[in-house]
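Undergrad: Pasted the sequence and its predicted model underneath.
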Amino acid sequence: PSPSPHSPQRADTRYLPLQLCCLVRNLRHHDPENRTLELHSPDGVHSCILRAGDSTEAATWFNTLHSALHVLTMKALHEANRILASLAIELHHIGWLARRPNNENGRASSESSEDPERWQSVFGAVTQRELRLYESAPWSVESWRSPIESCPLISTRLVSSVRQTDLITFSVRCGTSDGVITHHLRAETNRDLANWARTLVQGSHNSVQMQRELACRCLWHGHPAQLVLHYDDGFSLLDAPGSNRDPKILWNFPFERLRTSADDGVHLLWLDFGTEDGEIELDLEACPKPLVFILHNFLSAKIHRLGLYV
């Protein structure tokens, strides 16, 4: 008789559902011959290490598994968006990455980026407003709301994407009130890298277009004022509003007048619009990095809108 379709699992057989599994090479098990594949469960608890007869066979298995996982990840993305709709969270891209840990000062370790012990798997998600990183693949509404780290896209920039020997890496920098935080990330394929890079750049530009305008208080020549960035109008400096009057415009410039900008990383911002008075110095009374990164994304979004990017 034919075997039952619901035959019991055999003791010598490992079953690992593929959806949201982490497929990697040379993460926890270094293999200079490239014959080893690693499959880690979505919660990071279970692993399946596969070793092929040669690197060609390993590449075939990797590509087949990677394609199957991509299809399953897209299904998981649509399902997650369905359950997160009530929270006004929209996922644009999800998937596994590896991250090189930072030192206490926020800089990446100076140890070789090719050392597998210096990389840790993280689950990444790009929403309509943030880049989120999780220790494991989220499985509930609450876990989706609880990333270990998040970066607002409006103050986040993709600064490099390169291939170093067998590693495909990119860096993401975020301007925060504590300075610049850098995440050094690794993708498994060039296609994965392209998808992450495109989603992050488009997400930053979309965040700018949704925000349209940003205002922050500052001091100009020692007097309270308010600096306004507007997507269409550029820079405006307003005096501090009084109780019975609208704020007065002290100066304004379109974005194309900006020649250079600089900051001291503490509280000062300098803007040069090519005027006879030279650089304008503003005291933001806080770390200028968030505003600087937002300014860069405003400029990048406008350049892309005009079709001037390479």
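TA: Now that the structure is in, tell me what you want to look at.
Undergrad: From now on I want contacts and neighbour counts done on CA atoms only, so please keep to that.
TA: Will do.
Undergrad: In the record's domain split, what are the boundaries for this structure?
TA: The chain is divided into the following domains under the TED database: 22-100+119-211, 213-306.
Undergrad: Next, the distance between the ends of the shortest one.
TA: The first and final residues of domain 213-306 sit 19 Å from each other (CA to CA, to the nearest Å).
Undergrad: for that domain, the distance to its chain's centre please.
TA: From the chain centre to the centre of domain 213-306 is a distance of 25 Å (CA atoms, centre = their mean, to the nearest Å).
Undergrad: What's the mean pLDDT across it?
TA: The pLDDT scores in domain 213-306 average 93.
Undergrad: Adding distance to R14 and mean neighbour count as columns, could you present the domains of the chain in CSV?
TA: Shown next, in CSV, are those (distance: least, CA to CA, whole Å; neighbours: other CA atoms under 10 Å):
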stretch, distance to R14, mean neighbour count
domain 22-100+119-211, 8, 17
domain 213-306, 48, 16
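Undergrad: now those domains as TSV including distance to L16?
TA: Formatted as TSV, the domains of the chain follow (distance: least, CA to CA, whole Å):
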stretch	distance to L16
domain 22-100+119-211	7
domain 213-306	42
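Undergrad: Give the next helix or strand downstream of the helix ranked longest in the chain.
TA: Secondary structure of the chain per DSSP state H: the longest helix is helix 55-84. The first helix or strand that comes after helix 55-84 along the chain, using DSSP states H and E, is strand 91-100.
Undergrad: Name the strands paired with that following strand and say parallel or antiparallel.
TA: Strand 91-100 pairs in its sheet with strand 120-127 (antiparallel), strand 179-187 (antiparallel), by DSSP bridges.
Undergrad: Out of these, which gets nearest to T156?
TA: For the strands paired with strand 91-100, distance to T156 was read as CA to CA. The smallest value, 9.4 Å, belongs to strand 179-187.
Undergrad: Residues contacting that closest one, please?
TA: When contacts are defined by CA atoms under 8 Å, 6 or more residues apart in numbering, strand 179-187 is touched by residues 96-102, 106-108, 167-175, 193, 265, 287, 289-290.
Undergrad: got the residue ranges for the helices in the stretch 151-300 of the chain?
TA: 190-211, 289-306 (DSSP state H, counting those that start in this stretch).
Undergrad: will you turn those helices into a markdown table that also has distance to R129?
TA: Rendered in a markdown table, the data for the helices of the stretch 151-300 of the chain read as follows (distance: least, CA to CA, whole Å):
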| stretch | distance to R129 |
| --- | --- |
| helix 190-211 | 6 |
| helix 289-306 | 13 |
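Undergrad: Give me the most central residue, the protein.
TA: Nearest to the geometric centre of the chain sits L131, at 4.4 Å (CA atoms, centre = their mean).
Undergrad: For the helix or strand that contains that residue, which outside residues touch it?
TA: L131 is part of strand 130-134, with elements assigned from DSSP H and E. With contact meaning CA under 8 Å, 6+ apart, strand 130-134 is reached by 122-126, 146-153, 200.
Undergrad: Farthest-apart pair in those residues, please.
TA: Greatest spacing in those, by CA to CA: S146 and L200 (20.0 Å).
Undergrad: just to revisit the earlier point, residues in a beta bridge with the residue nearest to the centre of the chain, which ones?
TA: With DSSP bridges as the rule, L131 is bridged to V126, C151.
Undergrad: Repeat that for L97.
TA: Beta-bridge pairing of L97 under DSSP bridges involves V122.
Undergrad: Ok, I168 next?
TA: With DSSP bridges as the rule, I168 is bridged to R163, A187.
Undergrad: quick one: it and D192 touch, right?
TA: No: judged on CA atoms under 8 Å, I168 makes no contact with D192 at a distance of 9.3 Å.
Undergrad: Which neighbouring elements make contact with the very next helix or strand once past the strand holding L131?
TA: Downstream of strand 130-134, the next assigned helix or strand under DSSP H and E is helix 141-144. Applying 3 or more CA pairs under 8 Å, 6 or more residues apart in numbering; DSSP states H and E, one finds that helix 141-144 makes contact with no other helix or strand.
Undergrad: chain center to helix 141-144: distance?
TA: That offset, for helix 141-144, works out to 19 Å (CA atoms, centre = their mean).
Undergrad: same check, this time on stretch 301-310
TA: That offset, for stretch 301-310, works out to 21 Å (CA atoms, centre = their mean).
Undergrad: Same list (the contacts of strand 130-134) but as TSV, adding distance to K75.
TA: Shown next, in TSV, are those (distance: CA to CA, whole Å):
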residue	distance to K75
V122	20
F123	16
G124	16
A125	15
V126	16
S146	21
P147	21
I148	24
E149	24
S150	24
C151	25
P152	25
L153	24
L200	21
